[in-house]
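**Student:** Okay, predicted coordinates and the sequence, questions at the end:
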Amino acid sequence: MKDKFYNYIQNLQDTITTKLEELDGKATFQEDIWKRTEGGGGRTRVIENGDVFEKGGVNISGVHGALPEAMQNYFKVGDVDFFACGLSLVLHPKNPMVPTVHANWRYFEMYNKEGTIVDSWFGGGQDLTPYYLFEEDAKHFHQVCKTSCDAHNPDFYPLYKKKCDEYFYNAHRGEARGIGGLFFDYCKATEEMSMQNWYDFVTEVGDSFLKAYVPIVEKRKDLSYTEQQRNWQEIRRGRYVEFNLVHDKGTLFGLRTNGRIESILMSLPPHVQWRYDHHPKPESDEEKLVKVLKKPVEWL
């Protein structure tokens, strides 16, 4: 399964970066092949200073070795080895009318010292972080997510939409990072779902990403915006950074397994503001967004 899924994310990375370069029209992805001392490595691709994308990354990795003690405590396991692979992407558009997007699809295995698999699971999802709320965009993104889920189980969308709302939440701010999407983890074999079934589900969600995001970018990328709106985008980006550095499990895992720092922190936007005690004006478009972030919305 690990070879099959790693081959899938290699091809998916090619598909996504090719389409995003076409969409930007100016910038191209810089590729960086890296190796991890303890075992494995990855292929990082970063785009910067484009006409559409100010910064973004579409990265794949496959790492293995002894599970560090800190992660043994986290997973509540003993001295085991592991293999983890996945594709992770974050895109920060230049125009504040275009939302930031994040997605990740991953596979994990644990082994005893005899090399026998003792646990394995899939995880992943995709979520949208707008700076200005266009309800039709939110509905489109969620509809694509729901369609992918419904092909496998009608219970998946409401379940994983709820988990996404709960996970991408800045508890210290009392607000969501964005308007959600899907989040699933520890997807293991059961009587209802084999690992092949989970593979089929996760890859369908991965294949749906461009369909979920690209139409939104095409619709909003050429809209005009003011300096004030750009400032608001940078203030909201600060909340994005706070989540990734304070709460995100993927960032934590990468840092604790001696992952490649440049690849882990590629999710951070280049221009960010933190203004003291900043609040949007009442009845403004900015306040409209914040109200939605305070309480999850059922978009469909």
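**Tutor:** Happy to help now that I have it.
**Student:** measure residue 14 to residue 20 for me?
**Tutor:** Applying CB to CB, to the nearest Å, the value for residue 14 to residue 20 is 11 Å. Quick note: C-beta positions are derived from backbone N, CA and C, even for glycine.
**Student:** And those two? Which one has more around it.
**Tutor:** residue 20 (25 against 14; other CB atoms under 10 Å).
**Student:** hang on, isn't that one packed against residue 47?
**Tutor:** Yes: if you go by CB atoms under 8 Å, residue 20 and residue 47 touch, sitting 6.7 Å apart.
**Student:** what touches both of these two?
**Tutor:** The contact sets of residue 20 and residue 47 overlap at 29, 53, 56 (CB atoms under 8 Å, 6 or more residues apart in numbering).
**Student:** how about TSV for these, with neighbour count and distance to residue 262 added?
**Tutor:** Formatted as TSV, those follow (neighbours: other CB atoms under 10 Å; distance: CB to CB, whole Å):
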residue	neighbour count	distance to residue 262
29	22	14
53	26	18
56	26	14
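**Student:** quick check, nearest of those residues to residue 246?
**Tutor:** Closest approach to residue 246 among those (CB to CB): residue 56, at 21.8 Å.
**Student:** Quickly find the element holding the closest one.
**Tutor:** Secondary structure assignment for residue 56, by DSSP states H and E: strand 53-66.
**Student:** Same question for residue 123.
**Tutor:** Going by DSSP H and E, residue 123 is in strand 117-129.
**Student:** quick one: buried residues of that strand?
**Tutor:** Going by neighbour count (16 or more other CB atoms under 10 Å), the buried part of strand 117-129 is 120, 121, 122, 123, 124, 125, 126, 127, 128, 129.
**Student:** Next, format those as JSON lines and append distance to residue 181 and pLDDT.
**Tutor:** Below are the buried residues of strand 117-129 laid out as JSON lines (distance: CB to CB, whole Å; pLDDT from 0 to 100):
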{"residue": "120", "distance to residue 181": "24", "pLDDT": "94"}
{"residue": "121", "distance to residue 181": "20", "pLDDT": "96"}
{"residue": "122", "distance to residue 181": "16", "pLDDT": "98"}
{"residue": "123", "distance to residue 181": "14", "pLDDT": "97"}
{"residue": "124", "distance to residue 181": "11", "pLDDT": "96"}
{"residue": "125", "distance to residue 181": "6", "pLDDT": "95"}
{"residue": "126", "distance to residue 181": "5", "pLDDT": "97"}
{"residue": "127", "distance to residue 181": "4", "pLDDT": "97"}
{"residue": "128", "distance to residue 181": "6", "pLDDT": "98"}
{"residue": "129", "distance to residue 181": "10", "pLDDT": "98"}
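**Student:** Name the residues that touch the helix or strand of the chain with the lowest mean pLDDT?
**Tutor:** In the chain, no helix or strand scores lower on mean pLDDT, DSSP states H and E than helix 249-256, which sits at a mean of 77. When contacts are defined by CB under 8 Å, 6+ apart, helix 249-256 is touched by residues 68, 70-71, 74, 84, 88, 104, 244-245, 259-261, 263-265, 267.
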